[in-house]
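J.: turn this into a model:
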Amino acid sequence: MKNGQSRQFGLLSALYGGKVKNVAKLNVLLALAFLGAGMLLAGCKSAPELTQANALAMIQAKYDAAPTVGANIMVDDLGMKQGVTAKYWGGLTKYPNGYWVDLKLTDTGKKVLTLASGGDVIKWRPTGPVDPKFSVVVVTVAANHLKARNIKDIQDAVGGGKTVTFSEGVDLTGVPDALQEIAHNPGNQLSTTRQADFVLDGGAWKLQSIE
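T.: As a prediction, this is how the structure comes out:
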């Protein structure tokens, strides 16, 4: 170039070169800012909904993975009479006071229940002829998994988890009708209110514990 043109180019570079570089830097910074904002939004996605159906399924899956259990049944005075009628136990020894008695499990009874105290003799020892508080506990031979029912409340917990209130119940499948009737007498508790705790794991809800 001629000297004039060379000087003119140098002058333009001096005037605009710095601005061009600054604009380029600004564009880079803006791109990084948008990228960071996108990553932040991605990280702040709302947690998935924990539905009653999903919570119930996870709780039941835990119960199904555990060993089956027999149901504990409290037998009071009414239940003792029902058991005699069903031929689950029969008179063995009567005591002079007239209301103490030892009753032995029959072959029919041994097929459907065991005594929580062990053995095959029920030692009936009420405090009087009528004692509504005295009872013995039998265990069903039929064993089943516990059942989760009636999800009532799903609430937020400290730390971002969830707590769920539900009913834990025994399953009487395979238990004879006569024994089920005894199980439904007043005083028996066939279900218990429990609380399950859920936490987020990899973006999905996971059952942590049952209390």
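J.: how near is the most centrally placed residue in the chain to Ala157?
T.: Centroid-nearest residue in the chain: Ile59, 3.8 Å away (criterion: C-alpha atoms, centre = their mean). From Ile59 over to Ala157 the distance is 16 Å, taken as C-beta to C-beta, to the nearest Å. Backbone N, C-alpha and C define where each C-beta goes, glycine included.
J.: again with Gly169
T.: Gly169 is 24 Å from Ala157, where distance means C-beta to C-beta.
J.: where do the strands sit along this protein?
T.: Per DSSP state E, the chain carries strands over the ranges 69-75, 89-94, 101-105, 113-115, 121-124, 136-144, 147-156, 162-169, 191-201, 204-210.
J.: take those strands and write them to a markdown table, including distance to Ala55.
T.: Below are the strands of the chain laid out as a markdown table (distance: least, C-beta to C-beta, whole Å):
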| stretch | distance to Ala55 |
| --- | --- |
| strand 69-75 | 22 |
| strand 89-94 | 42 |
| strand 101-105 | 41 |
| strand 113-115 | 34 |
| strand 121-124 | 41 |
| strand 136-144 | 21 |
| strand 147-156 | 6 |
| strand 162-169 | 5 |
| strand 191-201 | 7 |
| strand 204-210 | 8 |
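J.: which one of those lies closest to Pro48?
T.: Among those, the nearest to Pro48 by C-beta to C-beta is strand 204-210 (6.7 Å).
J.: okay, now the domains of the protein?
T.: Domain segmentation of the chain under automatic domain parsing yields 1-45, 52-210.
J.: what mean pLDDT does the first one get?
T.: In this model, domain 1-45 carries a mean pLDDT of 48.
J.: this completes my enquiry, with thanks.
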